[in-house]
Every structure is written in structure tokens, then in C-alpha cells.
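Student: Here you go, sequence then predicted model.
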Amino acid sequence: MKIVVIGGVAAGASAAAKARRTDEHAEVVIFEQGEYVSFANCGLPYYVGGTIEDREDLILVSPELFRDRYCIDVRLRHTVTSFDAKAKVVRGTSPEGDFEESYDKLILAMGGEPIKPPMPGSDLPGVYNVFTVPDVDKIMAVLNGVKKAIVVGGGFIGVETAEELLKQGVDTTLVELAPQLLNNFDAEFSPPIERHLQSLGLNVVLGKSLTEVKGNGKVEQAVLSDGTVLDTDMVILAVGVRPRVALAKEAGVALGETGGILTDAGMRTNLPDVFAAGDIVESLHLVSRKKVKIPLAGSANKQGRIAGANAAGGHMAFRGVLGTAIIKAGELTCGRTGLSEKEAKANSLSYEVVWLPSDSNATYYPTAEPLILKLLFETPTGRILGAQALGRQGVDKRIDVISTAIMGNLTVFDLEHLDLAYAPPYGSAKDPVIMLGMVASNVLRGEETLITPAAAQQALKDDPNAVLLDVREQEEYDEGHVDGAVLFPLDEMRSRLGELDKSKRYLVTCRVGKRAWLACCILRQNGFHAENLTGGFLGCTMDLDG
């Protein structure tokens, strides 16, 4: 048995190692077009900023280790240019010349390549990507002389790289064409991240693109789509990644509706004995049940492992993806799993939203930090559709719990009964995830009616009977409130019910939604129409310090 793997990073390295563990006697060969195999793509921005000090820490497994421990033949700087599925051979070029290699099983794991927008000046010295180890080597070689830099792209790599350049003392501008950062999150999560990054010294430009790079033999200026000209010593492009599927397509491998390679659950393509894994394939989204292309390291490694096992005679299946992801932006962490609200709308799902400003652990414990969570659940089933979270700590824990709940087909009724670890330094007796389940379950049981900030804004505009009732205390109200809100303190509500009009539609708010929930109970049980503005004032403002 001879197994050939094209591509040696996340999916390819995982495939080769699993193939070896599955079949000790198979011959396993990796062709990698780059200079390194099995390196940490996700760590590259942190090496630029000096957070990761030792370059060698980025190299996870060397060709020598593959050879000595796994008996895997790694051939670097070998570019496969074609393969023949009938003859079962791959062909390509290397520094030593052209080559041809036979195979019994073939695993495609070519990964992606950074998108380089076509524009004048894009080939000038000083324009870089952050995609491979040689990419960051080029950046590090000149970084000491860089005073100003422009990072193009407000996704994960762009935000991380911009922050790390700030740590190196570089005056950095982040340019993003979309009206928000982190476009795979709902728009409400962008402003607090923008404000925080700006407080660290980052210049954030949204709604504009880079159209030209100017310079005399090197980068000197960048021109934006509105005509703005920015002086700069460096331009880093982080506008996205496209899958390397041309090789597969030319050989007759079928592509799916997303443009990624179509595979079955065993990572088999339409061609006999040809498997595919990683950024080049499309996957089943476990919530929407639609095919998606989400290039993330976690799914690439799992898919590679399954492809390697099955190529060597195993029987494993890849279930699908949730798009679970997380990013550090300065002192803030932003995470997500499942569907965002805009994705739920795009899939025409019937859903409700719970916003929950909370704390990372017991409020009275000194390490407690504010946390804002957003949960989407299907109506009337209670199926968990997705969640997003923002905070300084505790985001990863909550997103991972909810991701696990989705994988286990739990509903919001199950969330309110979770038995999670609690001690004041780590959590709360009623963890934020449990609270999300309680609120969502209340809604489905008809005990509570929620309204989102966006829906409340629209109701106050369109419905003459809608009144925004703020049930906090006078001092809190004076420190900040939603425009048009009428102060009606909770502790006075029972004695002042006569001042309210049962023909009105009361949208009730407080700081986070807890007092508003009690106020809604009082109002509804006394014959008034009441809806709880989910997330309260902090949910409306996305203010982690309010």
C-alpha cells in the first residue's frame, strides 16, 4: 500500500500521521510545495508581534521527525502539477527537476492561498501576506525599519496582525471594506472591538478598500477607495483565502456548490481512491444542514485524520462543522459557534434571541470581568442555533459549552439544567450558559416575551402605543439611558401601577434584563402588556464597562 499526500500542513500532516498509525506497513509520502511542513499558521501573527519569541516554536513537526518517528517520507519544495486518477500517478516539479510518483491511495490537502487583490503597486517590495513561515520571515527582516503599516482586512488574521504590529511600536492602520470588523460575527460585536483597539492606538478604517500602492522601488503610500492617501512603509494583505482546487478540478474531481471539493463523510471524492481534506473541501453545517466552506484549523485536522485513516483501510466519518471560532483582540475575546443571526435569517429560520450581559465568574470575586452573550434558538422547538460572546475572560468556556450542546442535540430546555463546575474564582452558581437556557425556556413556555434592541427601536418608531419603560434607579438613569426611555423604578412599580395605561405596549428595560423580567411579571399579572428588552441597557450599548 502506497499513500501519497499532496500538502503537508494541517490536513495533510494529520492525514499522513493517521495513515501511518492505521497501517504500519504502508508507504506514506508527503509532497509539500513550501519550505516547511506542519507549521502553526495560526501562530504567525503572534511571532510578528513578539508574543511568540522563538521562530522554531512555529514548526510543529520537522521532516526529520516525520521520517524517524513515523517513517513518513516528506519531500519539500515539490509542487504537484497534475495527477492521473486512472494511471494512479502524480506529476510535478522540484528543485531537482520533474518527477512522477505512483500511488495506491491519494489524499488531496493543498489548503488555501491568500487572496491578492489586483491593483497597481501590489508587487512593490513592502507588500506582504501573513500565511507561511517565509512570509513572516520577510516581514521580520525589515520590521525594525518600519514606522507605519497598513493591514488590509478586518478578519481574524488582519485584526491579530494589526494588534501585534502595535506591540512592536508600529503606527498601524487597519482597513476593512465591510462596515464592520469580524464579518462572520453579527454587526453588534464590531463597535466594542473597534473602540477597544482604537484605545490601544490602532487606526480603524471601515467601509473602504485599498485600491493602489505607490512608491519608488518600495512601498511609500497607499490609496483608499475614497481617494484618501496614507503614508506607509508596509502593507500587509489579509483579505481572505481561496481554496487551491485547480489541480483537483483539472483531474476530474467534482466540486460542490460552494466551490470546494465535494466529498462524502469518509472524505472520499468522486474519483476512486482519491480523498480530500482541509480548506479545499466543503463541509456540512450541522445547524443549517447546508454545505459551507469554512477554513478553520480544527476541522482541517479532523478531516485529515479521517482521510488518512480511511485511505489506510479504516472506517471513520466526518460529521460536519459548526464554525466555532474565537479571537483575541487586545484585552477582549470574541467567540462564536453555530449560526449568527444574519446566517439564521439567510436560512429563513424561525428563531428568537436572548442577550445576556453577565460576569465571567461570581460578581463579588475580585477577578470577575463583564461578559456579553447572544444566544439564538429555534421556535417553537428550542433547538440551539448558535451563540456569540464578548468579554475579557470566560468567553472560550461558554462558547465551548454551547458548541458541545449543539453537537449533542441539546435544546435550551437542557441548558437550564446543565450541571457545571462552580466556585467563585471560576463561575457563578447560575452560570451564564444556564441563565441563557432559563431565559430561552421561559420564552418558549410563554412565561416571558422578549424584544431585541433592533425590534424595540423599530416598534418605538412605528407603534404610537409603544413606551420604553426604564425600571432602574434615578442615579443609574442619569448616568446613561436609551433615548426616549421613561424612568419608572422597579421598587416603586407596585404602588404606582395606577399611573400606567393598559392600552399601551410597555417595552421594559434595566441594566441587564433581570429587573426588567421581574417588572414584566408584575405588569403582565396586573393586566398590562409587557415585553423585556433583552440584554437591557448594556445589551443595547454593548458596553462591557457600563
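Tutor: Arrived safely, thanks for sending. Residues are numbered from 1 along each chain as shown.
Student: Any idea which residue is closest to the centre of the protein?
Tutor: Among the residues of the chain, the one closest to the centroid is Ala325, at 3.6 Å (CA atoms, centre = their mean).
Student: what residues are up against the residue lying closest to that residue once chain neighbours are set aside?
Tutor: Ranked by CB to CB, 6 or more residues apart in numbering and with sequence neighbours excluded, the top spatial neighbour of Ala325 is Arg336, at 5.7 Å. From N, CA and C alone the C-beta is placed, and that goes for glycine too. For Arg336, the contact set (CB atoms under 8 Å, 6 or more residues apart in numbering) comprises Asn184, Phe185, Gly323, Thr324, Ala325, Ile326, Gly386, Ala387, Gln388, Ala389, Ile399.
Student: can you confirm Leu197 is in a helix?
Tutor: Yes: per DSSP: H, G, I helix; E, B strand; the rest coil, Leu197 lies within a helix segment.
Student: any idea how far the closest residue to Lys105 other than its chain neighbours lies from Gly320?
Tutor: Counting by CB to CB, 6+ apart, Ala311 is the residue found nearest to Lys105 once chain neighbours are left out, at 4.0 Å. Counting by CB to CB, to the nearest Å, the gap from Ala311 to Gly320 is 20 Å.
Student: what about the two, which has more around it?
Tutor: Ala311 (32 against 17; other CB atoms under 10 Å).
Student: Next, count neighbours for Arg445.
Tutor: 10.
Student: swap in the one 4 residues further on?
Tutor: Counted with other CB under 10 Å, the burial measure for Thr449 works out to 17 neighbours.
Student: residues contacting it?
Tutor: Counted by CB under 8 Å, 6+ apart, Thr449 has contacts Val443, Cys520, Ala530, Glu531, Asn532.
Student: quick one: pLDDT of it?
Tutor: We have a pLDDT of 96 for Thr449.
Student: The one 4 residues further on now?
Tutor: Note for Pro453: predicted pLDDT of 94.
Student: correct me, but it touches Thr541?
Tutor: No: because the distance of 9.1 Å does not satisfy CB atoms under 8 Å, Pro453 is recorded as not touching Thr541.
Student: For Thr228, which non-adjacent residue is closest in space?
Tutor: Lys208 (7.2 Å).
Student: Can I get the biggest helix by length in the chain in PDB, CA atoms only?
Tutor: If you go by DSSP state H, the chain has its longest helix at helix 297-311. What follows is helix 297-311, C-alpha atoms only, in PDB (Å, rounded to 0.1, in the frame of the first residue of the first chain):
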ATOM      1  CA  ALA A 297      -7.600  24.600  11.600                       C
ATOM      2  CA  GLY A 298      -9.800  22.400  13.900                       C
ATOM      3  CA  SER A 299     -11.900  20.900  11.100                       C
ATOM      4  CA  ALA A 300      -8.900  20.600   8.700                       C
ATOM      5  CA  ASN A 301      -7.100  18.500  11.300                       C
ATOM      6  CA  LYS A 302     -10.100  16.300  11.900                       C
ATOM      7  CA  GLN A 303     -10.800  15.800   8.200                       C
ATOM      8  CA  GLY A 304      -7.200  15.000   7.500                       C
ATOM      9  CA  ARG A 305      -7.200  12.400  10.300                       C
ATOM     10  CA  ILE A 306     -10.300  10.800   8.800                       C
ATOM     11  CA  ALA A 307      -8.900  10.800   5.300                       C
ATOM     12  CA  GLY A 308      -5.700   9.300   6.400                       C
ATOM     13  CA  ALA A 309      -7.500   6.500   8.400                       C
ATOM     14  CA  ASN A 310      -9.800   5.600   5.500                       C
ATOM     15  CA  ALA A 311      -7.000   5.700   2.900                       C
END
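Student: Please work out which residues outside that helix touch it.
Tutor: 3, 5, 10-20, 22, 41-42, 105-107, 109, 111, 266-268, 273, 275-279, 281, 283, 315-318, 321, 324.
Student: Each with direction, which strands does whichever helix or strand comes after it pair with?
Tutor: Per DSSP states H and E, the first helix or strand lying C-terminal to helix 297-311 is strand 325-329. When sheet partners are counted by DSSP bridges, strand 325-329 sits next to strand 332-338 (antiparallel).
Student: Which elements pack onto the helix or strand just after the partner strand?
Tutor: Per DSSP H and E, the first helix or strand lying C-terminal to strand 332-338 is helix 341-346. Other helices and strands packing on helix 341-346, by 3 or more CB pairs under 8 Å, 6 or more residues apart in numbering; DSSP states H and E, are strand 351-359, strand 370-378, strand 384-391.
Student: quick one: which of the ones you listed is nearest Gly215?
Tutor: strand 384-391 (38.2 Å; CB to CB).
Student: can I have whatever helix or strand comes next after that closest one written out in PDB, keeping just the CAs?
Tutor: The first helix or strand that comes after strand 384-391 along the chain, using DSSP H and E, is helix 395-407. The C-alpha trace of helix 395-407 is given here as PDB (Å, rounded to 0.1, in the frame of the first residue of the first chain):
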ATOM      1  CA  VAL A 395     -15.700  33.600  26.500                       C
ATOM      2  CA  ASP A 396     -14.000  30.400  25.500                       C
ATOM      3  CA  LYS A 397     -15.600  28.400  28.300                       C
ATOM      4  CA  ARG A 398     -19.200  29.400  27.400                       C
ATOM      5  CA  ILE A 399     -18.800  29.100  23.600                       C
ATOM      6  CA  ASP A 400     -17.300  25.600  24.000                       C
ATOM      7  CA  VAL A 401     -20.100  24.500  26.300                       C
ATOM      8  CA  ILE A 402     -22.700  25.700  23.800                       C
ATOM      9  CA  SER A 403     -20.900  24.200  20.900                       C
ATOM     10  CA  THR A 404     -20.900  20.900  22.800                       C
ATOM     11  CA  ALA A 405     -24.600  21.300  23.500                       C
ATOM     12  CA  ILE A 406     -25.300  21.800  19.800                       C
ATOM     13  CA  MET A 407     -23.200  18.700  18.900                       C
END
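Student: Could you list the residues in contact with helix 395-407?
Tutor: By CB under 8 Å, 6+ apart, helix 395-407 touches 286-287, 319, 322, 324, 326, 333-338, 371, 373, 375, 384, 386-389, 414-415, 418, 420, 427, 431-433, 436.
Student: If anything else comes up later, I'll come back, but that's it for now.
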